[in-house]
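Undergrad: predicted structure and sequence below. I'll ask about it afterward.
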Amino acid sequence: MKLHSRHLLGIETLKAEEITLILDTAESLAQISQREIKKVPTLRGRTVVNFFVEPSTRTRSSFEIAEKRLSADSLNFSPGSSSLVKGETLADTARNLEAMAPDFIVIRHSEPGAPHMLARICRSSIINAGDGAHEHPTQALLDAYTLRQRKGRLRGLRVAIVGDILHSRVVRSNIFLLNTMGAEVVLAGPPTLMPRGIESLGATVARSIDEAVEGVDAIMMLRVQQERMARGYFPSVREYFRLYGLTPARAALAKSDAIIMHPGPINRGVEIASEVADGPLSVILEQVTNGVAVRMAVLYLLAGEEEPQDPAVTPGLERAQA
Amino acid sequence: MSPGVSGLLLRGGRVVDPSQGLDGPADLLLRDGIVQRIGPGLEAGEARVMDVGGKVVVPGLTDMHVHLREPGQEWKETIATGTAAAAAGGFTGVACMPNTIPVNDERAVTEFIVAQARATGIVRVYPIGAVSKGLKGLELAEMGDLVAGGAVAVSDDGQPVVSARMMRLALEYSRIFGIPVIDHCEDPDLSDGGVVNEGEVSTRLGLKGWNRAAEDTMVARDICLAAETGGRVHIAHVSTEGAVALVRAARGQGIRVTCEVTPHHLALTDEACLGFDTATKMNPPLRTERDRMALIQGLADGTVDAIASDHAPHHADEKGVEFSRAPFGVIGLETALPIVLDRLVRKGIIGLPRLVELMSVNPAKILGLPGGTLKPGSPADVTILDLERPVTIDPGRFRSLSRNTPFAGWNLTGSAVATIVGGTVVHSIL
Amino acid sequence: MKQDGGVRIMDAEKISRALTRIAHEILEKNRTLDELALVGIRTRGVPIARRLAEAIRQIEGAEPPVGALDINLYRDDLSLTGRERPVLRRTEIPFAIEKKRIVLVDDVLFTGRTVRAALEGLGDLGRPRLIQLAVLVDRGHRELPIRADYVGKNVPTSLRESIEVRFGETDGEDAVFIRAAEPDPGETPVPGESR
């Protein structure tokens, strides 16, 4: 059993059996983090470059730990201090990185499509750690892992995702994954932050958060950024919380054993009430732990000998020509 | 390249000239830079004979929306290379937009372009001057001076004329010269930095959407202003169902508005953007299938007046960056005819006479140019088409300096096989 | 007896007798059950380890604890398999390794690489007092300096042959087969097969 592509650019093109393989592998690898010696030699001698053009301490740390637990060498490359700021293009930076022959490049970038660009240029395996508002595959995978751990399955689950859907890569990846695995997604958020045609990705849009969370197996709250208020998507934090915040009363509308999820970092009192974030059904911290195992699984499964370039990009133009 | 003196006889072709109600076999005799005679079985005399049996002979095509990039951005294109691309694409004339460096907002720049075209260009070049100084939208440019220097219209393309008041003034002032004001309709407040059409595709890709309302509201505005001022507005590169409907309604009321559409908007939808290829990024963006169908309908029913390529060359380095950061624009001079012939004419959506209207007659009429006809006495600008010729789009062989086309590798049928300007063959693969 | 082109070299009875003998040998060599533990190498080392524990119980009245070790993360041939991966299973060792006398158990001893990986894997879990090795079949062709303390049957083979072990627990019957025309040495091994 293996993954079809040597890159992980998104969930959209993953098949159900590949997702299952990643989750099953993560389960076995999770043991390592519970032992005293939290290391196996599996990726010894491999090099991973953590290319975080868009900064992120938590995701990067998670990848770093995963890499180290597999005995890989990891190198952090955050262009705040580097040549991208001096005007070097992404493509040239990528070529420079590749000249050091890393086995993997884990890239986080504020622009959708950046990992796809690297996949076209580089021979390394590319792992998308978040490209703008497009996808965040390892987040969706760790979310699915958490769901599966808690609920025993993914098929048939109903998951509500609430918040700034427009700007969220987490929600897109989750919609793709949950659909592929036979789960249902219902969304809620201010209409100003609900993107056009999101239903076509495989979700229903509820009219309110109350309607969305009713009877669901899991509630996933998305972070709302202050910048969105500054740009007028909603008038105030107070109003946002009142209309869309996850209060204990709203959380109670879900199934009694529904879990509360959040990709982090949480904004207490903005999208989620502290009591809910810290409550017994919250799995927010578990998600973080699971993130390491899932990222270890991805690295483990993508490692392999070099193959001829696989078509990592959806041929939108080829379809048009037909 | 034969001199005008002894002449050129185009023998055995099918001549399509709606201005004369012609569509049938005829020979065409060109001499001294004009059309001398047209009819069956002409004698060659001293003229050189070009056998165009099996081909279609039409009045020279004019691309009324082209970016030649000279002066100032010659790494993307020059007047020499741009006109060579035009000739290869079957165009005998191009109208070039003013967003050069410096902007064509004063006579000296207009005259430079005219002189450069005379020296290095191989097809006719008609400069379009700026509406506002520096394209900043704050002060009217010296329209009279621009016209005197050779400008045939004014536009702020690349940009919209953002201020409604400025658009009103430009339309009123343009009445002195009888030239159209060409507007790139985009309300930047609504388009808000969007890079693809706002819809399912932009949502799937996580890219900022460029909402159709930004185009439609400005089209509506310009139509109102045209009606109020009595000026002539020409809507550049319409892309939405809404814009087409607005123009149709305005025409029904006798308002002086014309519009053009690009071949890429006729052939592609925003689905082509899946995959983040920057060769599919242009402004206005590719829209949905519904919009595409509405554009085609508009072509067929006369709402859309012209097909213009909006040829926008960019260097590979400039396009080879992240999608959101890449400049907008695709080239089109060398792909326009194959796309239009293959996807519209061969499919029976429009006939050849309508094609000639869209690409020769109407551009000339809108810009007040001679041409668009093969009546004896008119300029000897002729395009020869081969409707059966298979073409594989190969950017590596383009005459243009740039390669940014979404049609690379496409297999199409139909293209220009010869282009004649003022009686001189400037391009021929016959 | 041939089956699917293979020759059965051990049947259920022979296997049972071999395991009983090994159980005796383990007790003889270690002299005591104190601190003794069996660790089966996944997958087929595990049922053997369990049967050995049961056999020891038949003799001594008590059985040593049994654990299962998955060595796939310690393999040295990751890059040779493209991205094809053996299914990772859990390592389940429900006792502390420190100071134990561990008997590693596997079905076939071949190149020795599996055992090397097992030694490393075990080492990451703790520091046993000593490690011994019990295998059902030793087919020769060692590539590392590794030897078994307890062997069910020595089966000299050529590299073109393969040994297949089946157990009732996993395959429906107890038997050991030898088959001709194995893939050439150096070709990628089927994930999970001991080498």
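TA: That came in fine, so what should we check first?
Undergrad: wait, what's in contact with residue 175?
TA: As the question left the chain open, I've gone with chain A. By C-beta atoms under 8 Å, 6 or more residues apart in numbering or on different chains, the contact set of A:Ile175 is A:Ile161, A:Val185, A:Ile198, A:Leu201, A:Gly202, A:Ala203. Heads up, the C-betas are built off the backbone N, CA and C, glycines and all.
Undergrad: that's the other chain; I wanted chain C
TA: By C-beta under 8 Å, 6+ apart, the contact set of C:Ala175 is C:Arg8, C:Met10, C:Asp11, C:Ala12, C:Ile15, C:Val165, C:Arg166.
Undergrad: let's see 6 Å
TA: C:Arg8, C:Asp11, C:Arg166 (C-beta atoms under 6 Å, 6 or more residues apart in numbering or on different chains).
Undergrad: the one residue in chain B that gets nearest to chain C sits in which helix or strand?
TA: Nearest residue of chain B to chain C: B:Gly275, at 23.3 Å (C-beta to the nearest C-beta). Of the helices and strands defined by DSSP states H and E, none includes B:Gly275.
Undergrad: so how many other residues sit close to A:Cys122?
TA: Residues within reach of A:Cys122, counting by other C-beta atoms under 10 Å in any protein chain shown, total 22.
Undergrad: tell me which stretches of chain C form strands.
TA: C:2-3, C:6-10, C:36-41, C:66-69, C:101-109, C:130-138, C:150-154, C:162-166, C:175-179 (DSSP state E).
Undergrad: again, but for the stretch 1-150 of chain B
TA: B:8-17, B:22-31, B:34-39, B:48-51, B:56-59, B:61-66, B:91-96, B:124-130 (DSSP state E, counting those that start in this stretch).
Undergrad: now the second one: average pLDDT?
TA: For strand B:22-31, the per-residue pLDDT values average out at 96.
Undergrad: now swap in the last one and tell me
TA: Strand B:124-130 shows an average pLDDT of 98 in the prediction.
Undergrad: for the first one, same thing?
TA: When the per-residue pLDDT values of strand B:8-17 are averaged, the result is 96.
Undergrad: contacts for it next, please.
TA: B:2, B:22-23, B:25-30, B:44, B:47-53, B:55-58, B:352-353, B:356, B:374, B:423.
Undergrad: then it to CSV, C-alphas only?
TA: What follows is strand B:8-17, C-alpha atoms only, in CSV (Å, rounded to 0.1, in the frame of the first residue of the first chain):
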residue,chain,number,x,y,z
LEU,B,8,-0.6,41.9,-57.0
LEU,B,9,-3.4,39.7,-58.2
LEU,B,10,-5.0,37.4,-55.7
ARG,B,11,-6.5,34.7,-57.9
GLY,B,12,-9.1,32.0,-57.3
GLY,B,13,-10.1,32.7,-53.7
ARG,B,14,-13.5,33.1,-52.1
VAL,B,15,-13.9,36.8,-51.3
VAL,B,16,-16.0,37.7,-48.3
ASP,B,17,-16.7,41.4,-48.1
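Undergrad: each with direction, which strands does it pair with?
TA: Note on strand B:8-17: by DSSP bridges, its sheet partners are strand B:22-31 (antiparallel), strand B:48-51 (parallel), strand B:56-59 (parallel).
Undergrad: need the winner for burial among those strands.
TA: Ranked by mean neighbour count, the strands paired with strand B:8-17 are led by strand B:56-59 with a mean of 26 (mean count of other C-beta atoms under 10 Å in any protein chain shown).
Undergrad: how many other residues sit next to the spatially closest residue to C:Val135 that is not a sequence neighbour?
TA: What sits nearest to C:Val135 in space, not counting adjacent residues and going by C-beta to C-beta, 6 or more residues apart in numbering or on different chains, is C:Leu109, at 4.2 Å. When neighbours are defined as other C-beta under 10 Å, C:Leu109 has 26 of them.
Undergrad: swap in B:Val15?
TA: Neighbours around B:Val15, by other C-beta under 10 Å: 23.
Undergrad: beta partners for it?
TA: Bridge pairing for B:Val15 - DSSP bridges - gives B:Gly24, B:Val57.
Undergrad: quick one, strands of the stretch 301-430 of chain B?
TA: Going by DSSP E, counting those that start in this stretch, the stretch 301-430 of chain B shows strands at B:306-307, B:382-392, B:411-421, B:424-428.
Undergrad: put together TSV for the ones you listed, with distance to B:Leu205 on each row.
TA: Output for those, formatted as TSV (distance: least, C-beta to C-beta, whole Å):
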stretch	distance to B:Leu205
strand B:306-307	28
strand B:382-392	29
strand B:411-421	27
strand B:424-428	39
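Undergrad: just those: most buried one?
TA: Of all these, strand B:306-307 has the most neighbours on average by mean count of other C-beta under 10 Å, namely a mean of 27.
Undergrad: that one pairs with which strands?
TA: Short version: by DSSP bridges, strand B:306-307 pairs with strand B:257-261 (parallel).
Undergrad: what's the partner strand in contact with?
TA: With C-beta under 6 Å, 6+ apart, strand B:257-261 has contacts from B:223, B:226, B:233-235, B:238, B:247, B:250, B:295, B:304-306, B:308, B:366.
Undergrad: coming back round to it: could I get the strands of the stretch 1-150 of chain B as JSON lines with distance to C:Ala175?
TA: Below are the strands of the stretch 1-150 of chain B laid out as JSON lines (distance: least, C-beta to C-beta, whole Å):
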{"stretch": "strand B:8-17", "distance to C:Ala175": "84"}
{"stretch": "strand B:22-31", "distance to C:Ala175": "86"}
{"stretch": "strand B:34-39", "distance to C:Ala175": "95"}
{"stretch": "strand B:48-51", "distance to C:Ala175": "85"}
{"stretch": "strand B:56-59", "distance to C:Ala175": "81"}
{"stretch": "strand B:61-66", "distance to C:Ala175": "80"}
{"stretch": "strand B:91-96", "distance to C:Ala175": "81"}
{"stretch": "strand B:124-130", "distance to C:Ala175": "88"}
